[in-house]
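Participant: no FASTA, just this:
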């Protein structure tokens, strides 16, 4: 049976325990994702409390991180999504994404609506990828792909 969480506290506590276990075991998010058999972005989001893991993946992650059966069960629950408290983010990395949306949010909205019409891009039927690439001018660049299903607005 599928269960949902309505108080994010349990998933936040589990996320903290999982990150601590990841640290002590010196694991990468990719290694955890490999154990789960799912993408690194999805598994990372799930362990951090933003997605439910399928039962086999939840058990694999819990085993790898030495978490108990209750943790494996909790990893399978549908969370209350949204990991940022109200207000402007203060973490510099998260803030830069906020800044990107402040600068380019209306541009993204205009371009999406011009190409697709009235609707939204799903964050549920969604794929995320992060890659490090060489910058021809020196250093490195981050290439972030956000790939969401377009959902048109339906009049009723």
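Facilitator: Structure's in. What do you need? Treat the numbers as computed from the prediction; the structure is a model and nothing was measured. Numbers count the residues shown, from 1 in each chain.

Participant: residues contacting the least confident helix or strand in the chain by mean pLDDT, please?
Facilitator: None of the helices or strands of the chain scores lower by mean pLDDT, DSSP states H and E than helix 92-116, at a mean of 93. Residues from elsewhere that reach helix 92-116, judged by CB atoms under 8 Å, 6 or more residues apart in numbering: 84, 88-89, 119, 121, 150, 152. Quick note: C-beta positions are derived from backbone N, CA and C, even for glycine.

Participant: identify, from the residues you listed, the entry nearest to residue 144.
Facilitator: Ranked by distance to residue 144 (CB to CB), the contacts of helix 92-116 are led by residue 121 at 14.4 Å.

Participant: re earlier: quick check: next helix or strand after the least confident helix or strand of the chain?
Facilitator: Downstream of helix 92-116, the first helix or strand assigned by DSSP states H and E is strand 119-134.

Participant: run the chain-centre distance for that following strand.
Facilitator: Averaging C-alpha positions (CA atoms, centre = their mean, to the nearest Å) puts strand 119-134 10 Å from its chain's average.
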